[in-house]
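K.L.:
attaching a predicted model along with its sequence, questions to come.
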Amino acid sequence: MTRSGSEKRRTTRLVPMRFTPADEQRLRAAAEAYGQSLAALTLHAILGLPLPRTRRPRIEEKRLAEYLAAVARSADAIRASLAELGKSGSNLNQIAHNLNAGFPPERLMNALEAALQEHARLVALHEELLKDAQELRTIGMRAGGYERRNSPQES
């Protein structure tokens, strides 16, 4: 049996069904989780018919707005971090210059310790920025409808 023609031409019968409000809510949630209509999911469950191919979901505007705001915050944090990296690099360059100029290392220990602490702080900041970037990816994928949501059985 082939599946040709539009769905409206192939499906000509309507069978009303009764549900409790709670059952209807669960069915609608399951259909949404699978990205299918209530009718398609019901036919699949009862008759074992294959689910139709899902269409590309539309962009969820609220999630897209969250994504764009998060991208802006992340970009601002990266710009500030790059400025701090420039300052840190300048401090390290001055320490290296003083060591090469023959200053005794004991005199430079405070500056060296401060530069190492600043470096450790910047490394921790960049680890946070990387986590933010990974979260941004997830938010963007969900906003675009590409991130698969859990099916009702996985919830």
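P.N.:
Yep, that arrived.

K.L.:
now do the buried residues in whatever helix or strand Lys131 lives in.
P.N.:
Assigning secondary structure by DSSP states H and E places Lys131 in helix 105-143. Buried residues in helix 105-143, counting neighbours by 16 or more other Cβ atoms under 10 Å, are found at Leu108, Ala115, Glu118, Leu125, Asp132, Leu136, Ile139, Gly140, Arg142, Ala143. C-betas here are computed from N, CA, C, even on glycine.

K.L.:
between those, which sits nearest Ala65?
P.N.:
Ala143 (8.4 Å; Cβ to Cβ).

K.L.:
roughly how far does that closest one sit from Leu68?
P.N.:
According to Cβ to Cβ, to the nearest Å, Ala143 and Leu68 sit 9 Å apart.

K.L.:
quick one: the helices in the protein, in order.
P.N.:
For the chain, applying DSSP state H gives helices covering 7-10, 21-34, 38-47, 61-100, 105-143.

K.L.:
now render those as CSV, adding distance to Arg53.
P.N.:
Output for the helices of the chain, formatted as CSV (distance: least, Cβ to Cβ, whole Å):
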stretch, distance to Arg53
helix 7-10, 12
helix 21-34, 12
helix 38-47, 10
helix 61-100, 23
helix 105-143, 20
